[in-house]
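> Compute the structure for the input listed below.
(4 chains)
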There are 4 protein chains.
Amino acid sequence: MPSTVERRHSSPGSCAATSEAGAASLGRRYAAVRALSEQYCKPLEKEDFIPQVEEYASPPLWHLAHTSWFFEEMLLKPHLPQYQVFHPQFSYLFNSYYESIGERQARHRRGAITRPGVETVFAYRHAVDDAMQRLLDSGVAQDKQVAYLVELGLQHEQQHQELLLTDLKLAFYYNPMLPVYDQVYNEESLQGKSRQALAGRVNEAMAVTASGNVAGNILVAEGLYDIGFAGEGFCFDNEIAKHKVFLPGCELASQLVLNREYLEFIDDGAYQDHSLWLSEGWDWVQATNASAPLYWQQHNGQWKHFTLAGLALLDPALPVNHVNYFEASAFAAWRGMRLPTEFEWEAASGRLDWGQRWEWTQSAYAPYPGFKVSSGAAGEYNGKFMVNQMVLRGASITTSPGHSRPSYRNFFHPHLQWQSSGIRLAK
Amino acid sequence: MPSTVERRHSSPGSCAATSEAGAASLGRRYAAVRALSEQYCKPLEKEDFIPQVEEYASPPLWHLAHTSWFFEEMLLKPHLPQYQVFHPQFSYLFNSYYESIGERQARHRRGAITRPGVETVFAYRHAVDDAMQRLLDSGVAQDKQVAYLVELGLQHEQQHQELLLTDLKLAFYYNPMLPVYDQVYNEESLQGKSRQALAGRVNEAMAVTASGNVAGNILVAEGLYDIGFAGEGFCFDNEIAKHKVFLPGCELASQLVLNREYLEFIDDGAYQDHSLWLSEGWDWVQATNASAPLYWQQHNGQWKHFTLAGLALLDPALPVNHVNYFEASAFAAWRGMRLPTEFEWEAASGRLDWGQRWEWTQSAYAPYPGFKVSSGAAGEYNGKFMVNQMVLRGASITTSPGHSRPSYRNFFHPHLQWQSSGIRLAK
Amino acid sequence: MPSTVERRHSSPGSCAATSEAGAASLGRRYAAVRALSEQYCKPLEKEDFIPQVEEYASPPLWHLAHTSWFFEEMLLKPHLPQYQVFHPQFSYLFNSYYESIGERQARHRRGAITRPGVETVFAYRHAVDDAMQRLLDSGVAQDKQVAYLVELGLQHEQQHQELLLTDLKLAFYYNPMLPVYDQVYNEESLQGKSRQALAGRVNEAMAVTASGNVAGNILVAEGLYDIGFAGEGFCFDNEIAKHKVFLPGCELASQLVLNREYLEFIDDGAYQDHSLWLSEGWDWVQATNASAPLYWQQHNGQWKHFTLAGLALLDPALPVNHVNYFEASAFAAWRGMRLPTEFEWEAASGRLDWGQRWEWTQSAYAPYPGFKVSSGAAGEYNGKFMVNQMVLRGASITTSPGHSRPSYRNFFHPHLQWQSSGIRLAK
Amino acid sequence: MPSTVERRHSSPGSCAATSEAGAASLGRRYAAVRALSEQYCKPLEKEDFIPQVEEYASPPLWHLAHTSWFFEEMLLKPHLPQYQVFHPQFSYLFNSYYESIGERQARHRRGAITRPGVETVFAYRHAVDDAMQRLLDSGVAQDKQVAYLVELGLQHEQQHQELLLTDLKLAFYYNPMLPVYDQVYNEESLQGKSRQALAGRVNEAMAVTASGNVAGNILVAEGLYDIGFAGEGFCFDNEIAKHKVFLPGCELASQLVLNREYLEFIDDGAYQDHSLWLSEGWDWVQATNASAPLYWQQHNGQWKHFTLAGLALLDPALPVNHVNYFEASAFAAWRGMRLPTEFEWEAASGRLDWGQRWEWTQSAYAPYPGFKVSSGAAGEYNGKFMVNQMVLRGASITTSPGHSRPSYRNFFHPHLQWQSSGIRLAK
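Here you go, the predicted model:
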């Protein structure tokens, strides 16, 4: 399986970098983002930093180190005079997939890395942070390209923050003890005060109501729409350039599909009915004996699901989570509807209540008009993954604060369930 | 691997069927199409009808029987009174992937079918033909839905005619004897008189010139374009309905990429340069040790390629053939260009010289706006394959006469090379 | 999977060759053995010669050609002056696994060989036969080494005769039509006149009675026994040299385990009871969902099995057939007994009623004391397969007449079921 | 892959247990063995306890817990009144392969266990130790069966001590940092004082000289030999009962094959010469691109190997280590010799200098005459692994002190290299 998770970086394209925000502001932002990664690790024991339970998931240790490696490789080495690398082998060890930068640890063997251990990796982080502060305090960060790379590193780190949590959840799930990451950290309550306590994020309460009924649908009129990033600030290269897309008109459900609706789908025998599934989806159902979303378990007729706060009763009123594209597509077929395209989603996004789940679209991940692959390592960020993956739009409760926007394009292979992904219907 | 080849049938959607052409005309067409399948088998020995050398390829015997099964299952059983099935087990044996119709022979075990043998399968064909003529002579074929299904069966048979030739080529290639299918049957000379002799097709001579130079490019202006089938006659359900697509403006090469250009790509070390490839493409190169298109062999510094007329010198002036999407995409990257979208291709198609190779587009196979999956077996035709496959446009020298139009959407998985597929550049 | 079936040839070791029998006698024997192979093919249609349905099974066409290749490669090329090879590529095409002789067609692609077709392969056989008769008529065959190689070629052909039938049975089984090879050819009646008619073999009637009861057991007393081939005539290199083995004393069932006993084993839930199985055997049960021997099917509560005469009612009074080592071992455990070692079997063989089934022993295939790997291609015959395979002793109803002796060592991987293999208990 | 490493336990067969040694003696031995496991972990960081880098290797954490589980499950639960289990889920979590005891954590997911963490697992050990001391102090341990189970638990723990070191070595090797387990812990110097310091073992110095020369060979005369355990004290069920084996007479090299000899084998092109290898061995060479023993690396023409003390120069005078059966067999073929059978080895053992490497024999792992599978969980110890594995005799420098005897039968699959395994030639 190709690497599915480390690929969403941007090249310094035409979208505006943050230089005008000033070095001081960037420094504060740097500190806040970097701190959140470490805050996420507070509930962890040293042992928890190590396991890699699937090739597509990485250990927490690796996330912490790789995000630091990114700053060292892209900023400190080329732009900070007299910078001494923390350890000469880390360039090899914590490279994810950048062929241009050279050899690297085989992806499926990240779980063998116990040395450097947790303390050394934190020391690495702090050494990088110190050097980055020197760089930010110097005049170098006034350079637009440098400021862009700093912002890129922070966005990169935020992506890995979400992956850290989702990978950790998977690792804990493969442990029959079903450990609790944090009692107050329940993904479903992240909007509440515990999430605030943990991450400082303030989310508006989201009133969840039954989805899919026409009355509550959002209408998108026929016409030409501007798609792609167009504002100030940061975006990834796959979001640019802004371009026009003609939409024939559609309706999007104002609400995500809820667990209670998904239970009806299960109870209706959907996992046994080939007619609802894409051909490869049906192959997946049969090969894996799938019968419910990832993390769902039935105990004595009662549905539970595994969360970062442990095994919990499934709340029928919450949006379904951890479905893959095949399941999302089958659910839509069962309802006689479909998934939106990523363009329909973006056109409607201003009127959607989004941010709880990454939302599968029926759009395959492809370049926008005018997309150019940059030269050098930056060119390996997005373009080379543009085949066999589907776009997800929105953001999830696990997405880092400040790391979402309507033009954001997430993407995963259609069989993967371990991200916080849900369903919005369209017709 | 999911079935990649038997999926392009249509449901009786909104596109106009052929009823007005009259039963007599339809009968003549029926006879001509069915005859071509058998004509293709003239050079075959009985043994050649049997091998299945890859799961995605089928034996000639199976193609001949399955296309007859289609008429029996869709027309004769439901619409011809007192029809007696030729053999009660054939419904199971020659079903390709229609889950609705019931159990079927496992796809990878088609090569075990030696009984019914060649003579019985031809007898089956002729029994079906006789019954179909009775049906066509009766008033039943006046029914629009019935006429549509007859035409669908013929289109289906034409698709299998191309597959029969490409599957056969692969089987012969896996035989170190590199057998000759027919001395006069050279795919590259199909436009000439031998092709006429074999298939009755009349193709205009195609002047092949160097491709990719800006001077010869076709300009597609920015604007809204009508995409999808809109005329009279038959189309598949994946071509409808006509809808508008906004294109930002582009240039398409007037000519396909030639073997001589592809040799430069090889000689430039492209198969050793990760930077040109999609990530999954690079995985494919390394896993298969790919270094050239399928069927290419280098003997003493000279490039040859396997054809249905045997091993032949590679003609540098012909369009490259048997490349997969990964190779097409890498070639485009090497030239600093890209592949067209299927919409750009269709918009330009009136000015393109197409029909020699199926042309990879950068569009993933997805439903058009308003696409509906039909109920019953017909619903399994196209929709369920709309994930992880790329659209190819145009037609190839192996495509049956009368089986191509600008709105036709072919599709295959990006790693497959065995179809007659080439490259057209865009920017 | 390594090649499991083409490996039982012998090097010209110390065992006596047949030279004294005289060239005339050898010539008659040559003709008879070669004729039987062709007689076996009489019920076949041309199409039946082609399929290779598992990598470990080969097409009839290949068996016919490969056995001729053996004579051409080992006798005609080196020993017949002015011999002209039938076709220069056949050396490559029909080599099975002799690395020393050079490159060869990949084992799993034998099913792609349709040219040469059946007629050419028969012509090849006959050309080889003509040349072999010239060689046998000349003085060359007086040479002991040459005579040995001729006999080796015949023994080799006899091995492939059995494989031809068992591979064919498997291929027919993978065809849902379950074709009949020959109405009078029922493996279970091979002892009767139909077998005589087909193969000229005369087998004594075998009275089959209940097995495993102590009363009917054969006692082998404690002591030293001579093991290995010791007589006149041919043997394979893996049967020599005769050597002493100390046996602690044992009892062997006088009869093979019967279908009725195996049905009790099934009905007792043996395929669901891990405690009866070797660890790898239990893995095999779970991975394949095995619940009965190969070729068994339950229809409306009635057990049938597929034979070369088609699907037939299972006769409870016949010895169980088509079980692998794991099943044989589990059955023995269920009965509180065990399988014999190959030495116990050989020591008792004079008093056993054997020849209906190859009998799994608990002996892994290993070299006898003093076993030497010969130099050249002959050295690849037996020795290189002496790991991960189990010895079977005896012979089966499918074994060619004249091709069995008490010292004969057959061997297969423990998971394979497609040979005619049964169970004899010991304690 | 089936579990290859947790299977060498014994049932309470006829071999004498240790009851007469007295509870006090047993208690001291219990304390010493248990302490060594923990002493081995002293150089480890918490992170090092977690990785499982191959399905056949286990994390240190698991070894520590599973060995304690064994005492809890086999002794404390059934034999210590009022024993309260440490944690109700540990029975599931730390079961290795005992189907009789119930469900268990999937073998390949042991690396997901981070909770219980290191401290809890040590607490578990100590709680088990306390309870075991109560049991040993009580009269219960006077019972012969109970004393046997205690001794079995200790032998089991000693087996896991060796596995802990070899699994750890593999995990460290998959880390490109090539961590040092302990500077003074060099496997090759374990005979010296550092080993004494670590494990308290006293090994006689072993003079290593050139091997394989006839002069230094040990002659084993033709005759009957007693094989199997026959003394006082503990043995596994696979070593009993003592029985006679007839040997035809042979010579065994007095010394193991040295690195310098193995280097000649490599330099002679052995890894490119099919004629030296078993067929499955040659498949392994080609599939893995093997060119040297595990842990060997060539740097600038100099051979190094990875050890628990880090990367070190290869000492040509030491016995070769970490070869699999295929390599051992090929080396013997290259020398025109063979590997000994396990019976030859045992017959000669009194005159062999053994204990540095586990020595591959050409004997497949099979039951001794009269071997009985015990009922209950104990019956799953040895018998169910008796297929597709080869016997190794002797012991290695990594084997725990007191855990070796001439009748000891170790066994592994022929492709595995990660144990401390070497080569002794025979003819």
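
> Can you tell me, leaving aside adjacent residues, what's nearest to residue A:71?
Leaving aside its chain neighbours, residue A:71 sits nearest to residue A:153 (4.9 Å; criterion: CB to CB, 6 or more residues apart in numbering or on different chains). For glycine as for every other residue, the C-beta is placed from the backbone atoms N, C-alpha and C.

> Surely that neighbour and residue A:75 touch.
Yes - counting by CB atoms under 8 Å, residue A:153 sits close enough to residue A:75 to count as a contact (6.6 Å).

> Now do residue A:149 against residue A:124, distance only.
Counting by CB to CB, to the nearest Å, the gap from residue A:149 to residue A:124 is 19 Å.

> quick one, which of these two is more surrounded?
It is residue A:149, of residue A:149 and residue A:124, that has more neighbours when counted by other CB atoms under 10 Å in any protein chain shown, with 24 against 20.

> what about the more buried one, which SS state?
At residue A:149, secondary structure determined by DSSP: H, G, I helix; E, B strand; the rest coil is helix.

> State the distance from it to chain C.
Distance, residue A:149 to chain C, using CB to the nearest CB, to the nearest Å: 50 Å.

> And for residue A:372?
Distance of residue A:372 to chain C, given as CB to the nearest CB: 43 Å.

> Could you pull up phi and psi at that residue?
Backbone torsions for residue A:372, taken as degrees, to the nearest 10, come to phi -120, psi 140.

> what's the burial count for it?
16.

> those strands in chain A, which residues are they?
Secondary structure of chain A (DSSP state E): strands at A:218-220, A:223-227, A:243-247, A:250-252, A:296-299, A:302-307, A:310-313, A:358-364, A:390-394, A:410-412, A:421-422.

> which of the ones you listed sits most buried?
Comparing those by mean neighbour count (mean count of other CB atoms under 10 Å in any protein chain shown), strand A:421-422 ranks first with a mean of 28.

> which residues touch that strand?
A:256-257, A:319-324, A:328, A:356-360, A:392, A:396, A:412 (CB atoms under 8 Å, 6 or more residues apart in numbering or on different chains).

> of the residues you listed, list those near chain C.
By CB under 8 Å from any CB of the partner chain, no member of the contacts of strand A:421-422 lies near chain C.

> Return the members of those residues classed as buried.
A:256-257, A:319-324, A:328, A:356-360, A:392, A:396, A:412 (16 or more other CB atoms under 10 Å in any protein chain shown).

> Mind checking which of those are in helices?
Under the assignment DSSP state H, those contribute residue A:328 to helices.

> Pairing partners for the residue of chain A found nearest chain B in the sheet, please.
Going by CB to the nearest CB, chain B is nearest to residue A:364 of chain A, at 3.2 Å. Residue A:364 forms beta bridges with residue A:390, as assigned by DSSP bridges.

> need the contact list for it.
Applying CB under 8 Å, 6+ apart, the residues contacting residue A:364 are A:388-391, B:364, B:366, B:387.

> Residue A:277 too?
A:285, A:326, A:329-330, A:333, B:384.

> Kindly provide the distance from it to residue B:364.
If you go by CB to CB, the gap between residue A:277 and residue B:364 works out to 18 Å.

> re the thing from before, reformat the strands of chain A as JSON lines; add mean pLDDT.
Listed next are the strands of chain A as JSON lines, based on pLDDT from 0 to 100:
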{"stretch": "strand A:218-220", "mean pLDDT": "96"}
{"stretch": "strand A:223-227", "mean pLDDT": "97"}
{"stretch": "strand A:243-247", "mean pLDDT": "97"}
{"stretch": "strand A:250-252", "mean pLDDT": "97"}
{"stretch": "strand A:296-299", "mean pLDDT": "95"}
{"stretch": "strand A:302-307", "mean pLDDT": "96"}
{"stretch": "strand A:310-313", "mean pLDDT": "94"}
{"stretch": "strand A:358-364", "mean pLDDT": "98"}
{"stretch": "strand A:390-394", "mean pLDDT": "98"}
{"stretch": "strand A:410-412", "mean pLDDT": "97"}
{"stretch": "strand A:421-422", "mean pLDDT": "98"}
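
> any chance of the ones you listed in a markdown table, with distance to residue B:27 too?
Converted to a markdown table, these look like this (distance: least, CB to CB, whole Å):
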| stretch | distance to residue B:27 |
| --- | --- |
| strand A:218-220 | 48 |
| strand A:223-227 | 47 |
| strand A:243-247 | 43 |
| strand A:250-252 | 43 |
| strand A:296-299 | 57 |
| strand A:302-307 | 59 |
| strand A:310-313 | 66 |
| strand A:358-364 | 41 |
| strand A:390-394 | 45 |
| strand A:410-412 | 51 |
| strand A:421-422 | 53 |
